[in-house]
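# Okay, predicted coordinates and the sequence, questions at the end:
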Amino acid sequence: MDRNQEHPESPVQLALEPELAPYVPPKLDAAFGDEALARRAKAMACTVPLHHLEANKGRVREGEFGAYTVWGLAFVAIDTVTVQMDFDRGAVHDAVIDAVLPYARRQAPDRDEAEHREVCKWVLDELIGTSSQREFAVEYGDWSGEYVRRSFGFQLLVERQAPDGSVYLRATDAAINVLVGALDTDVESAQAAAEAKLENLVRRGRLSEAQYAAQQARYRTIQLGEFVRQDLAATRRNVANVDWAGEVSPRLDGALAHVGERLEVERRIAENIRETRDRAEESARRAQAASLIELLEECQNRHMVLQRKLMEAREVFLAEQERQVFAPPVSVRLRDITGELLLPVLALSLTDAEPPAVNFFERVLGARPRRMGRLATMVAQLLAPPRERDELGAELIEPELRELTPYEAFPEPVRAAAGAVLRDVDLQPTRLSALLAAGLEHSPAAAHLLALLVLHAFSPALESQLRVGDESALLLAWSDGTPLPPDLRGAADAQSFHGDNLLVARLDVGAAAQLVEEAA
Amino acid sequence: MSLVEDTGHASQLIAYGLRPKLRPIEDPDYRDLVRRYRQQDGFARAVGAVANGMGLDVLDVTEAAGVVLGAREGSAFAMRMEDYYRRTRERNPRLRVLHGLAQLAIAAMSFPRPDDLEDAEHAPRVAVNEVDEYLRDLCRRLDERHAEQELDPPAEDPGLERSWRMYARQPEAAATEDRRAWSGATRQVIAKAFGALTEQGLMRKVSDALGGTYQPTPAYRIHVRELAHEDVWFELDRVTNDADRARW
């Protein structure tokens, strides 16, 4: 039985977790008292009216508005006003309500139109602050110097009067900065968070932490680089397998945009750090700032390399297309293993994938011989001493040792037969054909040896023999132009002899030398 | 040659084929029989008949690879996965799919393009680590493609889990203390797959780099090409969702 394995955490989060770098504990001595705290308190304050909306929706009109998510409606209202401000002096009440109505309808389709209208009107009124004298006030803490509690008064939507007397709405800077700008953030974007953290740390002069944050901001880039590399590798492997238009090209475009943004952000951060470094008085701070700039420059380099690769990627695709020539397949039944076998099996459930996967496994390995037993030999084998096996389990075979005999082209009997034939040659010249015929009676090999010996006699080293004083008889062969008879150019599997029918004689060297001397 | 003699020689040739690591270049008798097969139709037919009787298919006969035999299902010479790895005898499909995927991936990396299956010169080097990375890359892409779908299987039927999700969760390599994880670690599974192929004369180890680098023999190409033709894959087409098979 298989133990159920736990599911890992969501892949998105883990992907950006930093590698195990040394842990940098936060410095606890730095003072927190600065404007950032006050700023954030005020920003938070701007959202308070919306929280009130949600909190109070149950108390108005006997809780009828409980079915609605009034935050959403509030955001729509503010967006509408903000947009109208750009095009015109502002939006009028009714126009805003009309814009919010569809959203209310979708939230509670079963309620009637009158109620939808009521809810929208209520949200708008609350944003304007009709129930609180068109103003909101929230307390925040002022930490500079002694701690003082201050009151922050603000508005979200304000009413203005046009020259013609009509009333229109505008959104305040506070509303736009917070509710339209700051809140509109992809809260799950680890990259943006990392960068925000980095800017924050740099601004506060917290450089070691800034270093850590810069490393984190790098991961997305590395991950992107990895995806691009894989895309290009897949393209090189098999261009037909890559859905260029549908997947890879958009991904590359997205990556290009991302890299462009990051380069901009890094440039900005680097500027800030340079300022910090220049203004810093302690050498430690300067050194830290310098190393942080180095890190950022490395990131920038990485981004620029990535940018270049991305721009080249299109070229790679076109080049691979050409290289992997889109010729029609040799046989209609040839398969693209990845696309048509491997991927489909991967995509199936385990139960469905099992038959084709196992089938492929068993078939690709081919046939295996079966080991069969035989009772007669089995007993002997069982009683035999254990055979040595090497680590892989195969038997170690004892090598057979054989005596090496020297290789002879012409074994002894052949040599004897050839010698016997030649012994009969004396002063009377004999034809080679006759010798060969005699040799053939013994074996083709004997005839072959005879031919070689006669050839050797064709030009005997007479002089050297005389010099040494060797006066023994010498075999002499010469040609008179007669060719060998055709019957000696034998059948396909017999020895065949071609050439001149040499004359062979045995010369008495001593007698010849004497003759020569007497003649001289 | 008489019928009896021919049959004897034909069986001899089949017997050579069943020793997959032996090649004709190493044995003159083997080589002579191969030549005879290629030159004499009658002899070739006799060999085919003997093979057929044994439940074998003669996939190809060349002087380079010798006799490449495929075992038909139910043949006495067919090896089941359990014969290679006893643990796969369990009914649980996970381990069986894992081993099957390893062989599929090795084939995919050895012959990336359909034309490679017909190219006798094509002999790439394939390494254990590369095969694992390739499979994991495919799993990542399938993740992206199916990002909106609910992919966790119902608790009472783990067999419904998608195969790529199972593969992605397997560790690459595991320490041997935990013997259970060890048998499922992907790099070890792939190394075993290469080992089995080498045993069968289908791969040749080239070096120990990258977890073990191998090169396919001519016989491997013939086996994979044969399998790629199989009609069983047309059934696969019917089972899988078209969206999954679309170009990725």
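Here it is on my side, so go on. Numbers count the residues shown, from 1 in each chain, chains lettered A, B, ... in the order given.

# Only C-alpha atoms from now on, for both contacts and neighbour counts.
Will do.

# doesn't B:Pro112 make contact with A:Arg237?
Yes: A:Arg237 lies in contact with B:Pro112 (C-alpha atoms under 8 Å); the separation is 6.5 Å.

# Settle it for me: which of those two has more neighbours?
Neighbours per residue, other C-alpha atoms under 10 Å in any protein chain shown: of A:Arg237 and B:Pro112, the larger number sits with B:Pro112, 22 against 17.

# any idea which helix or strand carries the residue most central in space within chain B?
The residue lying closest to the centre of chain B (C-alpha atoms, centre = their mean) is B:Gln103, at 5.2 Å. In this assignment (DSSP states H and E), B:Gln103 forms part of helix B:93-110.

# how about that helix, does it reach chain A?
Yes: interface with chain A: helix B:93-110 contributes B:93-94, B:96-97, B:99-101, B:103-105, B:107-108 (C-alpha under 8 Å from any C-alpha of the partner chain).

# who wins for most neighbours among the residues you listed?
B:Leu101 (31 neighbours).

# if I look at the closest residue to that one other than its chain neighbours, how far off is B:Gly17?
Residue nearest to B:Leu101 in three dimensions, not counting chain neighbours: A:Ala357, with 6.2 Å by C-alpha to C-alpha, 6 or more residues apart in numbering or on different chains. A:Ala357 sits 25 Å away from B:Gly17, taking C-alpha to C-alpha, to the nearest Å as the criterion.

# Same check on A:Leu484?
On the measure of C-alpha to C-alpha, A:Leu484 and B:Gly17 end up 51 Å apart.

# Now do the same for A:Pro385: helix, strand or coil?
Secondary structure for A:Pro385, judged by DSSP: H, G, I helix; E, B strand; the rest coil, is coil.

# can you check B:Pro112 too?
For B:Pro112, the assignment made with three-state DSSP gives coil.

# show me the contacts for it.
A:237-238, A:336-338 (C-alpha atoms under 8 Å, 6 or more residues apart in numbering or on different chains).

# try 10 Å
Residues in contact with B:Pro112, defined by C-alpha atoms under 10 Å, 6 or more residues apart in numbering or on different chains, are A:234, A:237-239, A:241, A:335-339, B:106, B:124.

# any idea which of those residues is the one closest to A:Val265?
Nearest to A:Val265 out of the contacts of B:Pro112 is A:Ala234 (C-alpha to C-alpha; 31.4 Å).

# For the closest one, which non-adjacent residue is closest in space?
Closest residue to A:Ala234 apart from its sequence neighbours, by C-alpha to C-alpha, 6+ apart: A:Val242 at 6.9 Å.

# Return the distance of A:Ala473 relative to chain B.
Going from A:Ala473 to chain B by C-alpha to the nearest C-alpha, to the nearest Å gives 48 Å.

# and that residue, how many residues sit next to it?
15.

# Look up the closest residue to it, ignoring the ones flanking it.
Using C-alpha to C-alpha, 6+ apart and skipping the chain neighbours, the partner closest in space to A:Ala473 is A:Asp508 (4.6 Å).

# go on, A:Arg431?
Nearest non-adjacent residue to A:Arg431 (C-alpha to C-alpha, 6+ apart): A:Leu503, at 4.7 Å.

# tell me the pLDDT at that neighbour?
Looking at A:Leu503, its pLDDT is 86.

# Same question for the one 5 residues further on.
If you check A:Asp508, the pLDDT there is 76.

# where does chain B have low pLDDT?
B:1, B:155, B:174-184, B:230-248 (pLDDT under 70).

# show me where it has helices.
B:3-17, B:28-39, B:41-53, B:81-84, B:93-110, B:128-145, B:163-169, B:179-184, B:186-199, B:218-229, B:232-239, B:242-245 (DSSP state H).

# and A:Ser459, helix, strand or coil?
Secondary structure, three-state DSSP: A:Ser459 is coil.

# residues near it, how many?
A:Ser459, neighbours per other C-alpha under 10 Å, totals 12.

# quick one, what contacts the closest residue to B:Asp60 other than its chain neighbours?
Distance criterion C-alpha to C-alpha, 6+ apart; nearest residue to B:Asp60, sequence neighbours excluded, is B:Val68 at 5.2 Å. Counting by C-alpha under 10 Å, 6+ apart, B:Val68 touches A:366-367, B:14, B:16-20, B:57-62, B:218-220, B:222-223.

# Now with 8 Å, please.
When contacts are counted by C-alpha under 8 Å, 6+ apart, B:Val68 is found next to B:17, B:20, B:58-61, B:219, B:222-223.

# Quick check: next helix or strand after the helix or strand containing A:Trp122?
Per DSSP H and E, A:Trp122 falls inside helix A:113-128. Counting by DSSP H and E, the element after helix A:113-128 in chain order, helix or strand, is strand A:136-142.

# who touches the helix or strand that comes right after that following strand?
Where DSSP H and E defines the elements, the next helix or strand beyond strand A:136-142 is strand A:148-154. For strand A:148-154, contacts defined as C-alpha under 8 Å, 6+ apart pick out A:42, A:46, A:135-142, A:174.

# at 6 Å instead, please
Contact with strand A:148-154 is made by A:136-142, as judged by C-alpha atoms under 6 Å, 6 or more residues apart in numbering or on different chains.

# which of those are buried?
Using 16 or more other C-alpha atoms under 10 Å in any protein chain shown as the burial test, the contacts of strand A:148-154 include A:136, A:140-142 as buried.

# Which pair in those has the greatest spatial separation?
A:Phe136 and A:Asp142 (18.6 Å).

# what pLDDT does A:Ala240 get?
You'll see A:Ala240 listed with a pLDDT of 69.

# Tell me if A:Glu281 really is in a strand.
No: per three-state DSSP, A:Glu281 lies outside any strand segment and is coil.

# what about it, distance to A:Glu294?
Using C-alpha to C-alpha, A:Glu281 is found at 19 Å from A:Glu294.

# Comparing the two, which residue is more hemmed in?
Remark: of A:Glu281 and A:Glu294, A:Glu294 carries more neighbours, 13 against 10, as counted by other C-alpha under 10 Å.

# secondary structure element for that one?
Assessed by DSSP H and E, A:Glu294 sits inside helix A:283-323.

# Are the helix or strand following that helix and chain B in contact anywhere?
Toward the C-terminal end, the helix or strand that comes next after helix A:283-323 (DSSP H and E) is helix A:343-347. Yes: using C-alpha under 6 Å from any C-alpha of the partner chain, helix A:343-347 comes into contact with chain B via A:344, A:346-347.
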